[in-house]
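Engineer: take this sequence and fold it.
(one chain, ligands or ions: 1)
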Amino acid sequence: MAFTQPLDLVVLLPFLALLLPMYIYLRHSRSAKANPLLPTEWPVIGMLPSLVANLHHLFDYATALLAASGNSFEARGPPMSGLRFFLTCDPENVRHIFISNFANYPKGEEFASFFDVMGDSFFNADGESWRRQRARVQHVMSNPLLLAFMAACCRGKVEKGLLPILAHFASTGAPVDLQGLFTRFAFDMTAIPVFGVDTCRLSIDMPPVDVASAMDAVMEVGFFRHTVPVSCWKLMRRLRIGRERKLAAAQRLLRRFVAEMIEKRRAGAAHTATGDEPPVHIVSSYIDDPEYVDEDGKPKEFMYATLINYMFAGRDTVGTTLAWLFFNLIKHPRVASRMREELAPIAYSKAAAADKNGGGMVMFEPEETKPLVYLQAALFESMRLYPPGPIERKATLADDVLPSGHTVRAGDNILIPLYSMGRTASVWGEDCAEYRPERWVTEDGKLRHVPAYRFMPFNAGPRSCLGKDISVVQMKSVVAAVAWNFDFEVVRGHVVEPKLSVVMQMKNGLMVKVKKRDIVTTHQ
Ligand code: HEM
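Structural biologist: Sure, this is the predicted structure:
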């Protein structure tokens, strides 16, 4: 179409006048930029256009940018927006930030404001308050009674919940969301030790998961708050609009749930699925402490926040890990077969008993699966590619120079994309994008030790996960039971991709068809 009318020129000329300086700027910045693969920083809007254009695959985009920049770069949004982050997945920087110079890199107040439902409790706390709370959690979680109770709950939930539900779907042939099932499983598994109450979300009639959805909303909006200026989400919160409105509803629901659980526990009306009074639970460790409860015995905000923290610690991490592991096993039948070869000697010794007990399903005890190397390799390899918490965030107290040579200034925000760390060729080799559990197995058949500052899903240094040992042991026995007894196939056309959240859930879940394996036939 030719511009022949004078009106066209009137419209076109100012447009060109605007476009020309932008074009010149772009040419200039591309030639001046050390690395043309990095996003262009536009006047006024910074790198925002690239961020928006790549939002649909942000984790992979960040991974590509980090690879192009030698593992560290600074992302800048519009000036004055506060959107300025130093991103790094360089293990030496990570070691410096999380371990050697830990005191200079707290989580910071902005982080705490993103997850306000967690209050001043341990995930949000820094300094002395965090130190005191961590010591307390450590004490609570080292109680042998609690650990034995958690192990018994896990076994019960697999035997009476997970396996029968999967057998039901296998017999009906109906598709089921495996991520949804694991999330229900992890929810119950966390609520039981925390409150001493079986919330029975893992049940064949699939009761509503409103509290679990509220937890998802907290994590999704927490991610969203990272991507907009603080003043913007605070205004939305004040006006109660958009995602902030959804978050406010989710926070109310979560708080009400915790209040109900505490009430049930106080009334002594709560029991586990077996009907027994639980021998010990986490609430009881706090219920008489004046820091957590007022003179009338009413829980303070700090108590609610602490219990909510425990729920997030256990549910989101375990449910997400199990879902991605099975996704990887479905995609890599060779790995599933090798894992079953490792399980076979244990399973065959129990097959007869399993047949006699009905259903022919084999259970695995944690002490049986604990020494299995390939099983753990398959689990860690999945966590490397899909860490349940894909991003860590740190603030900077004083100016510092990182081992990579980059300078960070007081007040700078640092993002450590764990998703990208697991996909860094200089750490994991050129095949870093492949799911290959063998990389975890040494030549003499042992599990390869990888320092936490290279393999970060459980965090590294003084703030590392306090539930790592127990959850690895438990997850191994769960994976063994599910993988031994069932085969899965992803429903045709179902797309599996990460959700934009601070928890690496699958956006559309994991819709599968379930098939029960014939273990007796396999044995013969
Ligand atoms: C797949 C399983 C798990 C993974 C990948 C995992 C990962 C993590 C990560 C990354 C952190 C650091 C969070 C941060 O400060 O930013 C953390 C901290 C923590 N985790 Fe886990 N976790 C898992 C299971 C559990 C379980 C089952 C519990 C027990 C209920 C637990 C208890 C904790 C606690 C108490 C902290 C806080 C430590 C602190 O702030 O000093 N975790 N975990």
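
Engineer: residues of the chain that sit close to the ligand?
Structural biologist: Within the chain, the positions near the ligand by C-beta under 6 Å from any ligand atom are 122-123, 134, 137, 310, 313-314, 317-318, 321, 388-389, 392, 457-459, 463, 465-467, 471. All C-beta atoms are positioned from the backbone trio N, CA, C, and that covers glycine.

Engineer: pull out the buried members of these.
Structural biologist: Buried members of those, scored by 16 or more other C-beta atoms under 10 Å, are 122-123, 137, 310, 313-314, 317-318, 321, 388-389, 392, 457-459, 463, 465-467, 471.

Engineer: tell me which residue of the stretch 351-500 of the chain lies closest to the ligand.
Structural biologist: Closest to the ligand within the stretch 351-500 of the chain is Gly467: 2.1 Å, counting by C-beta to the nearest ligand atom.

Engineer: residues touching that residue, list them.
Structural biologist: 141, 313-314, 317 (C-beta atoms under 8 Å, 6 or more residues apart in numbering).

Engineer: do you know the pLDDT at it?
Structural biologist: Gly467 is assigned 96 on the pLDDT scale.

Engineer: in strands, which of the buried ones among the residues of the chain next to the ligand fall?
Structural biologist: Among those, the ones falling in strands (DSSP state E) are Glu392.

Engineer: kindly export the helix or strand encompassing Val218 (C-alpha atoms) in PDB.
Structural biologist: Remark: Val218 resides in helix 210-227, with elements defined by DSSP states H and E. The C-alpha trace of helix 210-227 is given here as PDB (Å, rounded to 0.1, in the frame of the first residue of the first chain):
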ATOM      1  CA  ASP A 210      -9.400 -25.300  48.500                       C
ATOM      2  CA  VAL A 211      -6.500 -24.900  51.100                       C
ATOM      3  CA  ALA A 212      -4.000 -26.500  48.600                       C
ATOM      4  CA  SER A 213      -5.200 -24.100  45.900                       C
ATOM      5  CA  ALA A 214      -4.800 -21.200  48.400                       C
ATOM      6  CA  MET A 215      -1.200 -22.300  48.900                       C
ATOM      7  CA  ASP A 216      -0.600 -22.400  45.200                       C
ATOM      8  CA  ALA A 217      -2.000 -18.800  44.900                       C
ATOM      9  CA  VAL A 218       0.500 -17.600  47.600                       C
ATOM     10  CA  MET A 219       3.400 -19.000  45.500                       C
ATOM     11  CA  GLU A 220       2.100 -17.700  42.200                       C
ATOM     12  CA  VAL A 221       1.400 -14.200  43.500                       C
ATOM     13  CA  GLY A 222       4.800 -14.300  45.200                       C
ATOM     14  CA  PHE A 223       6.300 -14.800  41.800                       C
ATOM     15  CA  PHE A 224       4.200 -12.100  40.200                       C
ATOM     16  CA  ARG A 225       5.400  -9.600  42.900                       C
ATOM     17  CA  HIS A 226       9.000 -10.200  41.700                       C
ATOM     18  CA  THR A 227       8.100  -9.000  38.200                       C
END
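
Engineer: looking at it now, give me its mean pLDDT.
Structural biologist: What helix 210-227 shows for mean pLDDT is 91.

Engineer: show me what that helix is packed against.
Structural biologist: In this structure, helix 210-227 makes packing contacts with helix 109-114, helix 178-195, helix 242-267, helix 301-331, judged by 3 or more C-beta pairs under 8 Å, 6 or more residues apart in numbering; DSSP states H and E.

Engineer: which one of those lies closest to Ser231?
Structural biologist: Closest of the helices and strands packed on helix 210-227 to Ser231 is helix 109-114, at 11.9 Å (criterion: C-beta to C-beta).
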